[in-house]
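Novice: the following block contains a protein sequence and its predicted model.
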Amino acid sequence: MTYAKITGTGSCLPGQPVSNTRLIAERGLDSSDEWIIERTGIKARHLAEPSVCSSDLALVACQKALEAAGRTPGDVDLIIVATSTPDYIFPSTAALLQAKLGIDNGSPAFDVQAVCTGFAYAISIAEKFVRSGSTRCALVVGAEVFSRILDWSDRGTCVLFGDGAGAVVLEGSDEPGILATALHADGSHHGILSVPGQICGGQPTGDPFLRMDGQAVFKYAVRVLAEVGREVVTAAGITVEQVDWLIPHQANIRIIQSTGKKLGIPAEKCIVTVDHHGNTSAASIPLALDESVRSGQIRGGDTVLLEGVGGGFTWGAVLLKL
Ligand code: UT7
């Protein structure tokens with residue numbers, strides 16, 4: 001066994017899509033459908049009911065991924081959940097998910113917190129477990145209810161995000177799977193994107209909502225996404241032309257387009273779901289992957305470049321053969 005390979009994907013979006021127009025009307029926002037589409041590419045997002053937690057969305061995504069892989073919960077011996085909107089401070093969302101899946105084999109389950117780069121971090125970590133032989137069948141999940149940490153009076157951020165979850169099953173294989181990974185962080189930029197407070201026992205402490213310097217994040221994201229994309233392509237010893245699909249974090253259509261242009265990857269090879277998912281943070285990459293696999297756009301054997309960027313600042317990429 002040489003590689004860790006994705007053997008199944010799944011995802012979950014809560015409820016019906018909420019259009020810009022409906023969001024603006026329901027939340028009384030000083031915004032417009034035109035502004036949101038022009039500046040972000042977002043037309044709709046899904047928002048979870050108050051009783052729905054990240055682990056609930058993760059559960060459905062994992063059940064679908066396991067079914068696609070031909071595995072059952074009993075086969076799973078590692079769960080990693082990437083989330084910035086965990087159900088509790090502790091236990092981890094991964095532990096709660098393990099219980100919801102009915103897994104009682106004592107295998108490890110833990111969360112990873114790298115905001116919108118979380119899925120890239122989680123799958124990179126899982127790859128090491130699988131390749132070392134200590135894990136045979138991992139569930140790697142990105143799950144978020146970002147609607148909980150939005151300030152609905154801040155039109156600069158509240159129109160951008162949505163809720164959802166995506167999951168993959170990762171197993172050892174002799175066939176090429178994950179070819180190269182790269183993870184980065186620079187904590188000195190913590191101030192441009194953060195949630196500086198928290199909600200504990202239902203009570204806000206500090207400022208519990210997402211705060212962002214949108215333009216600073218935009219510029220940083222485009223630069224590092226291009227850099228880290230080149231880094232993994234070089235590490236795998238292939239060329240950018242050999243990449244069949246780019247799945248960047250889905251934050252803004254303009255960031256996706258600029259990244260593709262900088263990398264020399266044409267628009268028709270860039271997967272875009274931000275228009276109907278909004279920015280679902282750690283869930284955005286596995287959601288886009290699952291949608292593309294299920295629609296038949298991405299097929300077995302394709303070379304796929306996953307790229308995340310987010311608060312921390314964190315960024316990372318995973319190059320893989322599906
Ligand atoms: O996943 C985490 C990573 N996050 C990101 O990647 C987000 C990166 N940043 C962005 O996507 C963009 O910077 C935004 C979409 C957040 C903002 O777009 P922008 O083109 O940078 O707009 P801006 O912040 O410069 O604001 C331009 C104008 C301002 O009005 P004035 O000062 O020119 O009168 C804003 O107040 O647009 C106004 N504005 C809005 N107008 C209508 C800001 N939000 C809205 C809104 N509706 N929702």
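Specialist: Looks like it came in fine. Numbers count the residues shown, from 1 in each chain.

Novice: for the residue of the chain found nearest the ligand, which residues are in contact?
Specialist: Using CB to the nearest ligand atom, the closest approach of the chain to the ligand is made by Gly214 at 2.8 Å. Yep, even glycine has a C-beta here, placed from its N, CA and C like the rest. Residues near Gly214 by CB atoms under 8 Å, 6 or more residues apart in numbering: Gly156, Thr157.

Novice: for Gln113, see how far away it is.
Specialist: Separation of Gly214 from Gln113 (CB to CB, to the nearest Å): 22 Å.

Novice: OK, contacts around Gly197?
Specialist: Applying CB under 8 Å, 6+ apart, we find Gly197 in contact with Pro204, Thr205, Gly206, Asp207, Pro208, Phe209.

Novice: not counting sequence-adjacent ones, nearest residue to the third one?
Specialist: Take Gly206 and drop its neighbours on the chain: the residue closest to it by CB to CB, 6 or more residues apart in numbering is Gly197, 2.6 Å away.

Novice: please convert the buried members of the contacts of Gly197 into ChimeraX selection syntax.
Specialist: Buried residues among these (16 or more other CB atoms under 10 Å), as a ChimeraX selection:
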select :208,209
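
Novice: from the contacts of Gly197, which has minimum pLDDT?
Specialist: Minimum pLDDT across the contacts of Gly197 is recorded for Pro204, with 70.

Novice: so what does that one have for phi and psi?
Specialist: Phi and psi for Pro204, reported as degrees, to the nearest 10, are phi -70, psi 140.

Novice: wait, what's in contact with it?
Specialist: When contacts are counted by CB under 8 Å, 6+ apart, Pro204 touches Gly197, Gln198.

Novice: what about the residue nearest to Gly206, distance to Leu263?
Specialist: Distance of Gly197 to Leu263, computed by CB to CB: 37 Å.

Novice: which bits of the stretch 101-250 of the chain sit near the ligand?
Specialist: Where the stretch 101-250 of the chain comes near the ligand, counting by CB under 6 Å from any ligand atom, the residues are Cys116, Arg155, Gly156, Val159, Leu193, Gly214, Gln215, Val217, Phe218, Ala221.

Novice: might you list the low-confidence residue ranges for the stretch 151-300 of the chain?
Specialist: Low-confidence segments of the stretch 151-300 of the chain, defined by pLDDT under 70, span residues 199, 201-202.

Novice: swap the cut-off to 50 and go again
Specialist: Scanning the stretch 151-300 of the chain for pLDDT under 50 picks out no residues.

Novice: tell me where it has helices.
Specialist: 155-158, 214-235, 253-263, 274-277, 284-294 (DSSP state H, counting those that start in this stretch).

Novice: need the phi and psi values for the nearest residue to Pro196 once chain neighbours are set aside.
Specialist: Spatial nearest neighbour of Pro196, excluding adjacent residues (CB to CB, 6+ apart): Asp207 at 4.9 Å. Note on Asp207: backbone dihedrals following degrees, to the nearest 10 are phi -110, psi 100.

Novice: doesn't Gln198 make contact with Asp207?
Specialist: No - applying CB atoms under 8 Å as the test, Asp207 and Gln198 come out as separate, 9.3 Å apart.

Novice: mind giving me the domain split of this protein?
Specialist: 3-174, 179-321 (automatic domain parsing).

Novice: pick the most deeply packed of these.
Specialist: Among the domains of the chain, domain 3-174 has the highest mean neighbour count (mean count of other CB atoms under 10 Å), at a mean of 21.
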